[in-house]
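J.: predicted model, plus sequence, below.
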Amino acid sequence: MLGLLATFLLSSAPAPAAETHAREVPVAVYTKEEGPVAHLTVEEIEVKESGKKRKVLSVEPDSRPPAVALILDSSEWMDAEYRSTLVPAAMEFWKRLPPEAKLTIWTCGGKVSHAVEFGVEPEEAEAVLQKVAVGGPIFAMDTIQDASRHLRRQRGARRVVVIVTDKRIQAKKTMFDETFRTIARARVTPMVVLVSNSATRGGGMRIGGEGESWDIETVFEQMANGYGGSYCLLYTSPSPRDGTK
């Protein structure tokens with residue numbers, strides 16, 4: 001959750017001091033081993049806007065506390081994996097957050113559910129999550145929108161939405177478009193863990209309504225890359241539900 005803030009000039013040409021405008025943007029830099037790089041100089045960063053190079057004025061650690069919305073898939077596709085794998089993983093993720101971070105947890109199986117609000121203790125949160133009814137379709141896009149709007153009220157924080165969901169999502173293109181717009185308006189960073197079993201490995205899951213077809217893997221990868229987040233496709237063992245043994 002380490003971040004940097006880079007401050008740069010909007011104008012690439014020299015301008016009087018009264019006309020100079022600066023903007024701060026969050027930057028995340030990692031090594032090949034995925035370890036964060038905390039110490040950078042302005043000479044090591046290049047920022048472009050609309051294809052034009054901007055002058056970097058400074059780079060410094062982002063001291064804003066993280067506000068995180070974790071979305072867990074509790075749909076029929078997760079089945080027993082929700083309680084046996086996702087809930088324990090969520091608690092481990094919570095432990096690894098910095099002390100100043102705040103966490104809220106949502107579930108998206110069968111309906112949108114705001115299961116755990118900010119300020120709830122981990123032990124109480126785990127008990128609530130274990131009682132969530134598992135089943136129904138995946139309402140990931142609706143939940144991302146609601147969680148992003150909720151995060152928008154966290155002023156002065158680094159807003160992050162973490163989505164852990166199966167790839168078998170049914171949604172129309174208008175829903176995806178609105179989700180992208182909501183993420184942009186709320187200024188949240190999406191971190192996506194897309195779950196797929198080996199029975200559906202390769203080719204991606206084609207989704208959509210009548211006359212619509214696209215690849216959910218590509219949609220989430222574009223979401224993560226477009227808003228400075230991260231994307232991971234996680235393969236699991238196939239289950240009898242998928243017609244395999």
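T.: Now that the structure is in, tell me what you want to look at.

J.: sketch out the low-pLDDT regions of the chain for me.
T.: 1-20, 34, 197-214, 237-245 (pLDDT under 70).

J.: strands of that one, start to end?
T.: 4-9, 22-27, 47-49, 52-54, 56-61, 66-72, 102-107, 113-116, 158-166, 189-197, 206-207, 214-215, 230-236 (DSSP state E).

J.: those into a markdown table, with extra columns for distance to Thr174 and mean neighbour count?
T.: No exception for glycine: its C-beta is placed from N, CA and C like everyone else's. Below are the strands of the chain laid out as a markdown table (distance: least, C-beta to C-beta, whole Å; neighbours: other C-beta atoms under 10 Å):
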| stretch | distance to Thr174 | mean neighbour count |
| --- | --- | --- |
| strand 4-9 | 34 | 19 |
| strand 22-27 | 29 | 14 |
| strand 47-49 | 29 | 14 |
| strand 52-54 | 33 | 14 |
| strand 56-61 | 38 | 15 |
| strand 66-72 | 20 | 25 |
| strand 102-107 | 22 | 23 |
| strand 113-116 | 23 | 18 |
| strand 158-166 | 19 | 24 |
| strand 189-197 | 19 | 21 |
| strand 206-207 | 13 | 14 |
| strand 214-215 | 13 | 15 |
| strand 230-236 | 22 | 14 |
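
J.: any chance of these in CSV, plus distance to Gly35?
T.: Below are these laid out as CSV (distance: least, C-beta to C-beta, whole Å):
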stretch, distance to Gly35
strand 4-9, 14
strand 22-27, 15
strand 47-49, 23
strand 52-54, 27
strand 56-61, 15
strand 66-72, 18
strand 102-107, 23
strand 113-116, 29
strand 158-166, 18
strand 189-197, 17
strand 206-207, 35
strand 214-215, 31
strand 230-236, 14
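
J.: what's the closest of those strands to Tyr82?
T.: Closest approach to Tyr82 among the strands of the chain is made by strand 66-72 (7.0 Å; C-beta to C-beta).

J.: can you list contacts of the closest one?
T.: The contact list for strand 66-72 (C-beta atoms under 8 Å, 6 or more residues apart in numbering) reads 1, 82, 86-87, 90, 93, 97-98, 100-108, 118, 129, 140, 143-144, 147-148, 150-151, 154, 157-165, 188.

J.: relative orientation of it and strand 189-197 in degrees?
T.: Angle between the axes of strand 66-72 and strand 189-197 is 20 degrees (criterion: axes from the mean of the first three to the mean of the last three C-alpha atoms, to 10 degrees).
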